[in-house]
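> Output the structure for:
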Amino acid sequence: MAAPQNESELSTIPFSQQLKSFGSVYWIANWMELVERFAYYGVRVVLPVFMVAAYEKGGPELTQIQKGNIYAVWAVVQSFIPILSGGFADRYGYKLNIALSTVLKIIGYLIMGYTVVLAESLAGVPLREAFETNADGTRIRTDHAYEIFFLGAMLLAFGTAIFKPGVQGLIANQMPKGSASLGWGLFYQMVNIGGFIGPLLAGYLRILEWEYVFLACAGGIALNFIPLFFFAEPARPDDAEAQTGPAALLYRALSGLLEPRLFFFTISFAGFWLMFYQLFDILPNFIDDWIDSRAAAAWLSGIFGESAVPTTGGNLTQEWMINANALLISLFAFGVGYLTGRMKSLTAIIVGIGVSAVAIYGLGMSMSGWWIIGAIGLFSVGEMMASPTKMRYLAAIAPPGREGLYMGYVNFTVGIGWSIGSIIAGHMYQEQGDKVELARRYLVEEKLATAEELASISKNDLLPFFEKTVGVDAWETRNILWERYEPQSMWLVFTLIGVGSMIAIMIYNKVVTAAAANPNHSFNTRGGFWVNAFLIPICLIFIGANIYSARSVGESDEVVWGMPSLGLLLNAMFFLMMLAVSFVGEKPRADGKAPV
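Model (predicted):
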């Protein structure tokens, strides 16, 4: 097993020679990734706004907390399953993984897109009428929109989870060793070309009908069946691993995560992904609620024509603003990948996290649309340095024949950060970011209306009621609530988490560098001990978090126990499984030598 941060990681092969070294299967796999990302991000970028959209605007009107809970479970399913399905991709074939994932994703897109239609069919009435009123006047929803959308989201997450190790393992299998940095940079560029085209189209379609976005993406992903007929399944090593049964593959996947370098890298890097996913989970709502992008919309309309630029209330749609991220990466990822190929992997990741953290903090510094686009652009630079480099780093230490498994490990660090971040962000935005909820709070605090009166006003009508009652227009409403409640302050929290992740990677870098130079370093000889020393408190923290999430206080100040957050529960179960496996068998060494 090759040690990371070895100087052999650094490529000195000329650019043109590296480019010619990629075979046809590598390019086919990249094309399938582009198509998959077109469909995925076409839907993904509209979901944060669609999920909480008012009934009158065609949405299921979920709360920010419900949205966060869905994303938390989505993150666990999409990110943890590849750790297991990566091994199955190596055993049963990359093509089968890709075909199965495509079927699941098509079904998931259609269920999500028709959530409102399905929920109203089950309820027998429009969603805005599907309520029961308690004795205290509280309205309780009686529809199943949340459950239906959750089902569709899980099918999409599961399909994506199967697709990831299939296509990434296929690319790793075909990757020339001396061109890994450029190869992963090109792969990441294809990801973002698809990720740019999808939201570009979605920005138009969602203004017409939400369902059109989901239909277009379901049709797009179906195109991935075609390339599977044009290449043979690549040869995989015919060794003992290929003959291993499913249960043993599951055990091996979990025990592989206990390899000290993998474990500490994934835990340290998780904070970056917690920060990263707020760009796609919370920023769309933040833009929709608070940002004035009329100047950007007017500038684009002057270039492309007013009919060519999608706007809502004079603002540029949030899909187009966030799409600046995919546009920049699709143009420059391969160039940044070539440059970072001359840097050590962990050095590139550290710098990338630092740049991204500065950009995340910048998101809260202004309500200007141009400023937000600039912050998104700066974030994209950091992302281009950190994100594709994680694949290069893990691919460099993957044993032959286990590329799919190690590409699955790439997703573990993503899943931890994304799932925990979704829960935190959902609660934070519901309480101190959602403009409708803050307007409701303002009216009560200023004694302009009672909570009971406001409970009878629909989400769609609350802001017009606020404007009429306070005597302001929509733009003045934003300013009043921005100054009063400071919703932008949440970006500081995510920035600090990102900085913490950067510091953790710096410490990790120092330790693995010292361990590579000294075979008797404690990280090499007692790596399993250090893994358990961190894994045990992590498990205890998750157990405590589950207990806390299950506990609530009733109207009479009595403690009421319910179900914990499903996202937290799944995280706790996964880490407890790792802990159990850590006490069985031999402890892996960090230097790849025989276990002690």
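> ok, I221 to W482 distance?
I221 is 39 Å from W482, where distance means CB to CB, to the nearest Å. Using the backbone N, CA and C atoms, a C-beta is placed for each residue, glycine as well.
> Which residue of the two possesses the greater neighbour count?
Legend: neighbour count by other CB atoms under 10 Å for I221 and W482, higher for I221 (29 against 16).
> so where is the stretch 101-250 of the chain shaky, pLDDT-wise?
Within the stretch 101-250 of the chain, the ranges that satisfy pLDDT under 70 run 134-138, 178, 181, 235-246, 249.
> again, 90 this time
Within the stretch 101-250 of the chain, the segments meeting pLDDT under 90 span 125-143, 161-196, 200, 203-204, 206-208, 227-250.
> For W320, which non-adjacent residue is spatially closest?
G203 (4.8 Å; CB to CB, 6 or more residues apart in numbering).
> can you give me phi and psi for the one you found?
Main-chain torsions, G203, degrees, to the nearest 10: phi -60, psi -30.
> Now do stretch 417-427: distance to the chain's middle.
Computed by CA atoms, centre = their mean, to the nearest Å, the chain-centroid distance of stretch 417-427 equals 10 Å.
> Using PDB, list the CA coordinates for it.
Included here for stretch 417-427 are C-alpha records, laid out as PDB according to Å, rounded to 0.1, in the frame of the first residue of the first chain:
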ATOM      1  CA  GLY A 417     -20.400  16.400   7.200                       C
ATOM      2  CA  TRP A 418     -23.400  16.700   5.000                       C
ATOM      3  CA  SER A 419     -25.800  14.700   7.300                       C
ATOM      4  CA  ILE A 420     -24.800  16.500  10.500                       C
ATOM      5  CA  GLY A 421     -24.700  19.900   8.700                       C
ATOM      6  CA  SER A 422     -28.300  19.300   7.300                       C
ATOM      7  CA  ILE A 423     -29.700  18.900  10.800                       C
ATOM      8  CA  ILE A 424     -27.900  21.900  12.200                       C
ATOM      9  CA  ALA A 425     -28.700  24.100   9.200                       C
ATOM     10  CA  GLY A 426     -32.400  23.000   9.200                       C
ATOM     11  CA  HIS A 427     -32.900  24.100  12.800                       C
END
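> Let me see the mean pLDDT of stretch 519-528.
For stretch 519-528, mean pLDDT is 88.
> now that stretch, how far from the chain's geometric center?
Centre-to-centre, stretch 519-528 and its host chain are 34 Å apart (CA atoms, centre = their mean).
> One more: stretch 141-151?
On CA atoms, centre = their mean, the centre of stretch 141-151 falls 22 Å from that of its chain.
> what residues does it touch?
The contact list for stretch 141-151, computed with CB atoms under 8 Å, 6 or more residues apart in numbering, reads 51, 60-62, 66, 70, 73, 111-112, 115-116, 118-120, 122-123, 127, 130-132.
> For it, buried residues please.
Applying a neighbour-count criterion of 16 or more other CB atoms under 10 Å, one finds 141, 143-146, 148-151 buried in stretch 141-151.
> Pull up the gap between the residue nearest to W320 and F379, please.
In terms of CB to CB, G203 sits 19 Å off from F379.
> ok, now G152?
29 Å.
> And A425, by the same measure?
Distance of A425 to F379, computed by CB to CB: 16 Å.
> What residues does the closest residue to G562 other than its chain neighbours make contact with?
Nearest non-adjacent residue to G562, counting by CB to CB, 6+ apart: A550, 5.6 Å away. Applying CB under 8 Å, 6+ apart, we find A550 in contact with 561-564.
> and V560, what element?
strand 559-561 (DSSP states H and E).
> and that strand, how far out from the chain's middle?
Relative to its chain's centre, strand 559-561 lies at 32 Å (CA atoms, centre = their mean).
> Which of the residues in it are classified as buried?
Residues of strand 559-561 classed as buried: none (neighbour count, 16+ other CB under 10 Å).
> Paired strands for that strand, with orientation please.
strand 551-553 (antiparallel) (DSSP bridges).
> what is the rounded mean pLDDT of the strand it pairs with?
For strand 551-553, the per-residue pLDDT averages 74.
> same question, stretch 53-69
pLDDT averaged over stretch 53-69 gives 93.
> Could you identify the helix or strand that succeeds the strand holding V560?
Downstream of strand 559-561, the first helix or strand assigned by DSSP H and E is helix 566-582.
> Pull that following helix out as PDB, backbone CA atoms only.
The C-alpha coordinates for helix 566-582 follow below in PDB (Å, rounded to 0.1, in the frame of the first residue of the first chain):
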ATOM      1  CA  LEU A 566     -33.300   9.500  11.900                       C
ATOM      2  CA  GLY A 567     -30.200  11.100  10.400                       C
ATOM      3  CA  LEU A 568     -28.400  11.200  13.800                       C
ATOM      4  CA  LEU A 569     -29.600   7.600  14.500                       C
ATOM      5  CA  LEU A 570     -28.200   6.200  11.300                       C
ATOM      6  CA  ASN A 571     -24.900   8.000  12.000                       C
ATOM      7  CA  ALA A 572     -24.700   6.500  15.500                       C
ATOM      8  CA  MET A 573     -25.500   3.000  14.200                       C
ATOM      9  CA  PHE A 574     -22.800   3.200  11.500                       C
ATOM     10  CA  PHE A 575     -20.100   4.400  14.000                       C
ATOM     11  CA  LEU A 576     -21.200   1.800  16.500                       C
ATOM     12  CA  MET A 577     -20.800  -0.900  13.800                       C
ATOM     13  CA  MET A 578     -17.300   0.400  13.200                       C
ATOM     14  CA  LEU A 579     -16.500   0.300  16.900                       C
ATOM     15  CA  ALA A 580     -17.800  -3.300  17.100                       C
ATOM     16  CA  VAL A 581     -15.600  -4.400  14.100                       C
ATOM     17  CA  SER A 582     -12.600  -2.600  15.600                       C
END
